[in-house]
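Trainee: Sequence first, predicted model second:
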Amino acid sequence: MTDGASGVADDANSGTTAVREGFAFDEMALTRWLEANIAGFAGPLSVEQFKGGQSNPTYKLVTPAKCYVLRRKPPGVVLAGAHAVDREARILSALGTAQFPVAHVYGLCTDDTVIGSWFYVMDMVEGRIFWDASFPELSGQERAACFDAMNAAIAQLHMIDYQAIGLGDYGKPGNYFARQISRWSRQYLEDELAGRDANMDALIEWLPTRIPEGDETAIVHGDFRCDNMIFHPTEPKVLAVLDWELSTLGHPLADFAYHAMMYRMPPEIVAGLGGADIASLGIPSEAEYVAAYVARTGRSSFESYDFCIAFNFFRLAAIFHGIKGRVLRGTAASANARQRADQFPALARLAREAMEVCG
C-alpha cells in the first residue's frame, strides 16, 4: 500500500538494507547513465534498497556529495500496464511545475539494457514520515499544525489546473463514481472463492442509486495518507507527497474522503484514528477537518461526504476481498496478505455503517 521512498520512519517500514537477492543490477552501467543525465552527478556510487514492500523496487543512491532515489519496474516479466514508473515520473515532473510538494525528478530511462528495466531518478527528500496517524511523537499543538498541513496539501492538489500542466490525458474525466463502483462490484462478484458478504452485497445495490449530482475532475492521489508524506524535520510542513502509483484524473471529493477516512479507520488496518481520543491529542475533529478542506477549495458545503466515505470503505473492502482470494489460491505475494484478508469483514462493516448514516 505504501511506497516510502525516503525520510525517517520506524525500522520495520522504512530505512534501507543491502540490495536484496534478485534485485541487483549493473551499478557501473547506472553510473554511466547518471553521469550523462544528471548535471553535477559525481561518484563513487553505492546502492542500498529501501525496506518497504513497494511494488516498484526503490533504491537509495549514495554519493559523497548527495543522495538520490531510484524507482524501477521489477526485473523480469510484468503485467502489461502495471508498474508504470514512466507514469509516476510524468506526474511528479508535472506537479513540480505547479509548485506542489513532490521530489524533483532528474530523468526517466526507458532503455532496458541499462539496469534491466525502466527506472527514474529523483531527489532524496530528508524529513519525517509518521506511520501512526495519531502522530505520537508530537505535542498537541504540533499535531494540529501537521494536520492542517496535510489538509492544505490535498486541497492544493485538487485546485491544480491539470490541463495547464500537461495532464489532460492522465485519466478519464467524468463519471468517476459510476466507473469505480462498477469496477469494484464486478471484481468482488467475480471472485467466488473469496465468498460473499452481506454488507458488500447491500452496498453494491445501494451505491449506484446514490451517486451525487454534478461532476468534477481533478488530479487525485488515490492513497493520500500521513505515511505517504515526508514532513520537514522540525516544522509542520509537507515537503513531499509519495506513492503516486494510484494517481489519475478523478473526483476530488472521493480523494479527500479517502484521506479523511482516517478518522474512522482502525489503526491495525492502515494508519487510522479509529478509537483514539482526538480531542485530548489536539487533533481537529472530523467535522472541523472537512470544513477546513471545504473552505480551502472554495466550496459552500460537502453534502455528499457520507456517501464518499461509504464509497471509499467499499472500494478498500473490495481490494482486501481480492487479496483474500489470492491468499486462498496461494498466489498472494505479500507477507501481510493474510492479515489484509482477515480485515476484509471489518472494512465491509464500516462501509455499511457509513451507508446507514446516509439513510
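Mentor: Looks like it arrived, so ask away. Numbering: from 1, shown residues only.
Trainee: got any ranges where this protein has weak pLDDT?
Mentor: Scanning the chain for pLDDT under 70 picks out 1-14, 52-55, 76-83, 333-335.
Trainee: in it, which spans are strands?
Mentor: Under the criterion DSSP state E, strands of the chain are mapped to 16-17, 46-50, 58-62, 67-72, 105-109, 119-123, 218-220, 229-231, 238-241, 248-250.
Trainee: Rebuild these as TSV, extending it with distance to residue 186.
Mentor: No exception for glycine: its C-beta is placed from N, CA and C like everyone else's. Below are these laid out as TSV (distance: least, C-beta to C-beta, whole Å):
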stretch	distance to residue 186
strand 16-17	39
strand 46-50	34
strand 58-62	32
strand 67-72	30
strand 105-109	33
strand 119-123	33
strand 218-220	21
strand 229-231	32
strand 238-241	30
strand 248-250	18
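Trainee: Show me which residues of stretch 15-30 are buried.
Mentor: For stretch 15-30, burial by neighbour count (16 or more other C-beta atoms under 10 Å) applies to 15-16, 25, 27, 30.
Trainee: Isn't residue 171 up against residue 251?
Mentor: No: using C-beta atoms under 8 Å, residue 171 makes no contact with residue 251, being 10.8 Å away.
Trainee: more crowded one of the two?
Mentor: Taking other C-beta atoms under 10 Å, residue 171 and residue 251 do not tie; residue 251 has more neighbours (26 against 16).
Trainee: I'd guessed that one sits against residue 177; true?
Mentor: Yes: using C-beta under 8 Å, residue 251 is in contact with residue 177, at 6.4 Å.
Trainee: Do a quick rundown of the helices in this structure.
Mentor: 27-37, 85-97, 112-115, 140-159, 176-190, 198-206, 252-260, 278-281, 286-296, 305-329, 337-358 (DSSP state H).
Trainee: deepest of the ones you listed, which one?
Mentor: Mean neighbour count (mean count of other C-beta atoms under 10 Å) peaks for helix 252-260 among these, with a mean of 24.
Trainee: Output it as PDB, nothing but the C-alphas.
Mentor: C-alpha atoms of helix 252-260 as PDB (Å, rounded to 0.1, in the frame of the first residue of the first chain):
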ATOM      1  CA  PRO A 252     -11.600  15.300  -5.800                       C
ATOM      2  CA  LEU A 253     -14.300  14.700  -3.100                       C
ATOM      3  CA  ALA A 254     -13.700  11.000  -3.400                       C
ATOM      4  CA  ASP A 255     -10.000  11.500  -3.000                       C
ATOM      5  CA  PHE A 256     -10.400  13.800   0.100                       C
ATOM      6  CA  ALA A 257     -12.900  11.400   1.700                       C
ATOM      7  CA  TYR A 258     -10.400   8.500   1.300                       C
ATOM      8  CA  HIS A 259      -7.900  10.700   3.200                       C
ATOM      9  CA  ALA A 260     -10.500  11.700   5.900                       C
END
